[in-house]
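>>> need the 3D shape of this:
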Amino acid sequence: MRYLVLLKSNASTPPPPDLMEAIMALGAEATAAGALLDTAGLQPSAAGARVALAGGQLSVTDGPFAESKELISYALYDVRSRAEATEWTSRFMALHRDRWPGWEGEADVLKVFGPEDFGPPAAADGGRQSA
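Modelled structure (predicted):
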(Lines give C-alpha, C1' and ligand atoms only; values in the text may rest on other atoms or scores of the structure.)
Protein backbone atom coordinates (compact mmCIF):
# COMPACT_ATOMS: atom_id res chain seq x y z
CA MET A 1 0.00 0.00 0.00
CA ARG A 2 1.22 3.45 -0.82
CA TYR A 3 0.75 6.41 1.52
CA LEU A 4 1.39 10.06 0.77
CA VAL A 5 2.45 12.18 3.73
CA LEU A 6 1.93 15.93 3.40
CA LEU A 7 3.79 18.08 5.90
CA LYS A 8 2.20 21.47 6.58
CA SER A 9 3.77 24.32 8.50
CA ASN A 10 3.77 28.09 8.65
CA ALA A 11 7.52 28.14 9.27
CA SER A 12 9.07 31.32 7.97
CA THR A 13 12.72 30.35 8.36
CA PRO A 14 14.75 27.54 6.82
CA PRO A 15 15.19 24.40 8.95
CA PRO A 16 18.35 24.09 11.04
CA PRO A 17 21.23 22.23 9.34
CA ASP A 18 21.31 19.46 11.97
CA LEU A 19 17.61 18.81 11.34
CA MET A 20 18.27 18.44 7.61
CA GLU A 21 21.10 15.99 8.35
CA ALA A 22 18.80 13.95 10.60
CA ILE A 23 16.04 14.01 7.95
CA MET A 24 18.51 12.75 5.34
CA ALA A 25 19.59 9.92 7.66
CA LEU A 26 15.98 8.92 8.35
CA GLY A 27 15.24 9.06 4.61
CA ALA A 28 18.22 6.80 3.90
CA GLU A 29 16.98 4.36 6.54
CA ALA A 30 13.44 4.35 5.12
CA THR A 31 14.78 3.91 1.58
CA ALA A 32 17.03 1.01 2.66
CA ALA A 33 14.00 -0.59 4.35
CA GLY A 34 12.14 -0.38 1.02
CA ALA A 35 9.49 1.93 2.51
CA LEU A 36 10.36 5.36 1.08
CA LEU A 37 9.68 5.91 -2.63
CA ASP A 38 10.05 9.69 -3.00
CA THR A 39 10.35 12.96 -1.09
CA ALA A 40 10.56 16.62 -2.00
CA GLY A 41 10.07 20.07 -0.61
CA LEU A 42 7.37 22.20 -2.13
CA GLN A 43 7.65 25.90 -2.76
CA PRO A 44 5.13 28.14 -0.98
CA SER A 45 1.71 28.42 -2.59
CA ALA A 46 2.63 31.96 -3.74
CA ALA A 47 4.64 30.25 -6.49
CA GLY A 48 1.72 28.06 -7.55
CA ALA A 49 -1.76 28.17 -9.00
CA ARG A 50 -5.09 26.50 -8.26
CA VAL A 51 -7.22 25.11 -11.08
CA ALA A 52 -10.89 24.69 -10.17
CA LEU A 53 -13.95 23.28 -11.90
CA ALA A 54 -17.30 24.69 -10.75
CA GLY A 55 -20.55 24.99 -12.66
CA GLY A 56 -18.92 23.49 -15.73
CA GLN A 57 -16.33 26.27 -15.86
CA LEU A 58 -12.58 26.04 -15.30
CA SER A 59 -10.85 28.80 -13.42
CA VAL A 60 -7.20 29.40 -12.57
CA THR A 61 -6.20 31.36 -9.49
CA ASP A 62 -2.61 32.36 -8.79
CA GLY A 63 -1.27 31.72 -5.29
CA PRO A 64 -0.85 32.39 -2.47
CA PHE A 65 -3.78 30.60 -0.90
CA ALA A 66 -4.28 32.34 2.42
CA GLU A 67 -6.92 29.93 3.68
CA SER A 68 -4.44 27.05 3.93
CA LYS A 69 -1.12 26.47 5.60
CA GLU A 70 1.88 26.28 3.32
CA LEU A 71 2.81 22.79 2.17
CA ILE A 72 6.52 22.45 2.58
CA SER A 73 7.23 18.81 1.80
CA TYR A 74 5.86 15.41 1.00
CA ALA A 75 6.95 11.80 1.28
CA LEU A 76 5.60 8.80 -0.58
CA TYR A 77 5.84 5.46 1.24
CA ASP A 78 5.17 1.90 0.11
CA VAL A 79 4.37 0.03 3.32
CA ARG A 80 2.24 -2.83 4.65
CA SER A 81 -0.17 -0.70 6.67
CA ARG A 82 -1.30 2.75 7.74
CA ALA A 83 0.34 2.06 11.10
CA GLU A 84 3.73 1.64 9.40
CA ALA A 85 3.29 4.88 7.41
CA THR A 86 2.26 6.64 10.62
CA GLU A 87 5.33 5.29 12.43
CA TRP A 88 7.73 6.67 9.78
CA THR A 89 5.85 9.99 9.90
CA SER A 90 6.00 10.12 13.71
CA ARG A 91 9.75 9.59 13.58
CA PHE A 92 10.04 12.42 11.04
CA MET A 93 7.95 14.76 13.21
CA ALA A 94 9.99 13.84 16.32
CA LEU A 95 13.13 15.04 14.50
CA HIS A 96 11.48 18.44 14.12
CA ARG A 97 10.45 18.50 17.78
CA ASP A 98 13.95 17.59 18.93
CA ARG A 99 15.98 19.78 16.56
CA TRP A 100 13.82 22.85 15.82
CA PRO A 101 12.59 24.40 19.09
CA GLY A 102 9.26 26.15 18.68
CA TRP A 103 8.49 24.61 15.29
CA GLU A 104 4.89 23.56 14.84
CA GLY A 105 3.25 21.71 12.01
CA GLU A 106 1.19 18.72 11.08
CA ALA A 107 1.50 15.83 8.69
CA ASP A 108 -1.42 14.16 6.95
CA VAL A 109 -0.96 10.44 6.22
CA LEU A 110 -3.16 9.66 3.19
CA LYS A 111 -3.62 6.31 1.45
CA VAL A 112 -3.06 6.39 -2.30
CA PHE A 113 -5.68 4.39 -4.19
CA GLY A 114 -4.35 1.08 -5.40
CA PRO A 115 -5.81 -1.84 -7.36
CA GLU A 116 -6.87 -3.48 -4.08
CA ASP A 117 -9.30 -0.60 -3.49
CA PHE A 118 -11.42 -1.39 -6.55
CA GLY A 119 -12.27 -5.06 -6.11
CA PRO A 120 -11.13 -8.04 -8.11
CA PRO A 121 -10.02 -7.42 -11.71
CA ALA A 122 -12.45 -8.39 -14.45
CA ALA A 123 -11.54 -11.53 -16.35
CA ALA A 124 -9.95 -10.98 -19.77
CA ASP A 125 -12.88 -12.77 -21.42
CA GLY A 126 -15.45 -10.31 -20.06
CA GLY A 127 -16.17 -12.34 -16.96
CA ARG A 128 -17.21 -15.50 -18.85
CA GLN A 129 -15.50 -18.68 -17.84
CA SER A 130 -14.58 -21.39 -20.32
CA ALA A 131 -16.10 -24.84 -19.79
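>>> can you pull out the strands in the chain?
Remark: strands assigned in the chain by DSSP state E are 2-9, 36-41, 49-54, 57-62, 71-78, 105-111.
>>> I'd like those as a markdown table, with mean pLDDT and distance to M20 appended.
All C-beta spots, glycine's among them, are computed from the backbone N, C-alpha and C. Shown next, in a markdown table, are those (pLDDT from 0 to 100; distance: least, CB to CB, whole Å):
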| stretch | mean pLDDT | distance to M20 |
| --- | --- | --- |
| strand 2-9 | 94 | 14 |
| strand 36-41 | 94 | 10 |
| strand 49-54 | 93 | 28 |
| strand 57-62 | 94 | 30 |
| strand 71-78 | 91 | 11 |
| strand 105-111 | 96 | 15 |
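>>> would you list those strands in CSV and tack on mean neighbour count and distance to A22?
Compiled in CSV, those are given as follows (neighbours: other CB atoms under 10 Å; distance: least, CB to CB, whole Å):
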stretch, mean neighbour count, distance to A22
strand 2-9, 18, 15
strand 36-41, 14, 14
strand 49-54, 9, 33
strand 57-62, 9, 35
strand 71-78, 19, 14
strand 105-111, 15, 16
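>>> quick one, what contacts L76?
2-5, 36-39, 112 (CB atoms under 8 Å, 6 or more residues apart in numbering).
>>> likewise for V79?
Going by CB under 8 Å, 6+ apart, V79 touches 1-3, 35, 85, 88.
>>> and stretch 2-17, end to end?
Its start and end residues considered, stretch 2-17 measures 29 Å (CA to CA, to the nearest Å).
>>> what are the contacting residues of it?
Residues outside stretch 2-17 that contact it (CB under 8 Å, 6+ apart): 23, 37, 68-79, 82, 85, 88-89, 92, 96, 99-100, 103-112, 114.
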